[in-house]
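Q: Sharing a sequence plus its predicted fold:
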Amino acid sequence: MIDIKSMNQAEITALLAELGEPAFRAKQVFRWLHQGADSFEKMSNLSKPLREKLAERCSLRPPVVERRQISREDGTVKYLWRLGDGNCIETVLMRYHHGNTVCISSQVGCRMGCAFCASTLGGKVRDLTAGEMLDQVLFTQLDSGLPVSNIVLMGIGEPLDNFDNVLRFLELVNSPEGMNIGMRHISLSTCGLTEKIDKLAEYQLQLTLSVSLHAPDDETRSRLMPVNRSVGVDRLFACCRRYFERTGRRISYEYAMVDGVNDADWQADLLASRLRGMPGHVNLIPLNHVAESPLKPSRRTAAFQKRLESHGITATVRRKLGGDIDASCGQLRRKRMLEEEGRQTETPQ
Ligand code: SAH
């Protein structure tokens, strides 16, 4: 079956040409898909034979809400979606003054193995298609009734490990005939796959690149993030410098504060010296405690921030949203997987 939801307008035009249809039909189909039509049957301005031909050839399986949690504290909404093949992923809708932001997943699970992260505990199952990423934005907007103005690729998965599909997703969600979300309203977060960051730089997109740094020294970073064992902090920063030179876009560095691991003054000093002369911004994140991990949230976040600022580095502390609903990604899917495993072992033979 053809994955029509992941196709751009040119591809849909070619598909419809094969079916003997004119180009303007492709625009109509594209619009329906990007308004969240969940069947071809509903595309009422297409002829019945065309709707039937499309339904025969193309799959259209929107995600189903498996669970929806709404934070009483701040209105954050967390979705656990069931995909067409039975896998589950998470999307979080955050309500900021500057607009509603959705945090989407890019893979089912993750293979990066970061020590503090719930998403990687069961490894990677598969990449998400561009259409499945788009559907998270689209159906979160439709289900919540809240218009989405910003997107962050910071949910389950490593977006640059699913490069082509993520690039297609960006093209689709940015499309004027679709959701028309501007690149400057999109952030992409990566654990630091340098070859892929170099490749992304070639496209000169106006999105914000966030690099999950979490430590300025190799020993600590390799302990927290296995990806560092093959790249190293020196090469990562050299890559970030190239990215900035090529795109002119300031990078944002994410730094989850872990008690007694990456929160010492000397680490703030080292981070500042590595960032010198390169415009960037440090986002300090209060660690979300994951039950399977011995790592604890730091109590030195304010002191670390001050120390960075004393070196002239801009650092902000991320406001925690949805604390009452396990809103950091990976936790809800993990819970559901454990419940399902439990259910299977309990089933009488
Ligand atoms: N794979 C990508 C995007 C997904 S993770 C990446 O590594 O950037 C999104 C952000 O959440 C990353 O900065 C990640 O390091 C951070 N994160 C993961 N688990 C966390 C936790 N338990 N507490 C705080 N931040 C966490």
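A: Structure received.
Q: Look at Glu56 and give its secondary structure.
A: When states are read from DSSP: H, G, I helix; E, B strand; the rest coil, the local structure at Glu56 comes out as helix.
Q: quick one: contacts of the strand or helix carrying Glu66?
A: The secondary structure element spanning Glu66 is strand 64-70 (assigned by DSSP states H and E). With Cβ atoms under 8 Å, 6 or more residues apart in numbering as the contact definition, strand 64-70 has outside contacts at 76-82, 88, 143, 325-327, 332, 336. Heads up, the C-betas are built off the backbone N, CA and C, glycines and all.
Q: Could you pick out the longest strand of the protein?
A: Ordering each strand of the chain by length in residues (DSSP state E) puts strand 88-96 first.
Q: so what secondary structure elements neighbour the helix or strand just after it?
A: Beyond strand 88-96 in the direction of the C-terminus, DSSP H and E gives the next helix or strand as strand 99-103. Judged by 3 or more Cβ pairs under 8 Å, 6 or more residues apart in numbering; DSSP states H and E, the packing partners of strand 99-103 are strand 88-96, helix 130-144, strand 148-153.
Q: do you know which of these lies nearest the ligand?
A: Closest approach to the ligand among the helices and strands packed on strand 99-103 is made by strand 148-153 (6.7 Å; Cβ to the nearest ligand atom).
Q: Got a PyMOL select line for the buried ones in the contacts of strand 64-70?
A: A single PyMOL command suffices to select whichever of these are buried according to 16 or more other Cβ atoms under 10 Å:
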select buried, resi 76+77+78+79+80+81+88+143+325+326+327+332+336
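Q: Single out whichever of the contacts of strand 64-70 has the smallest pLDDT.
A: Among those, Ala327 carries the lowest pLDDT, at 61.
Q: that older thread, distance to Val102 for the helices and strands packed on strand 99-103 - can I get that in CSV?
A: Supplementary listing: those in CSV, determined by distance: least, Cβ to Cβ, whole Å:
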stretch, distance to Val102
strand 88-96, 5
helix 130-144, 5
strand 148-153, 5
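Q: returning to what we had before: and the contacts of strand 64-70, which of them are in helices?
A: Counting by DSSP state H, these place Asp143, Leu332, Arg336 in helices.
Q: quick one: contacts for the nearest residue to Ile2 once chain neighbours are set aside?
A: Using Cβ to Cβ, 6 or more residues apart in numbering and skipping the chain neighbours, the partner closest in space to Ile2 is Cys58 (4.5 Å). By Cβ under 8 Å, 6+ apart, the contact set of Cys58 is Met1, Ile2, Asp3, Ile4, Phe40.
Q: interface residues of the stretch 101-250 of the chain facing the ligand?
A: Taking Cβ under 6 Å from any ligand atom, the part of the stretch 101-250 of the chain that reaches the ligand is made up of Met112, Cys114, Phe116, Cys117, Met154, Glu158, Ser189, Thr190, Cys191, Ser212.
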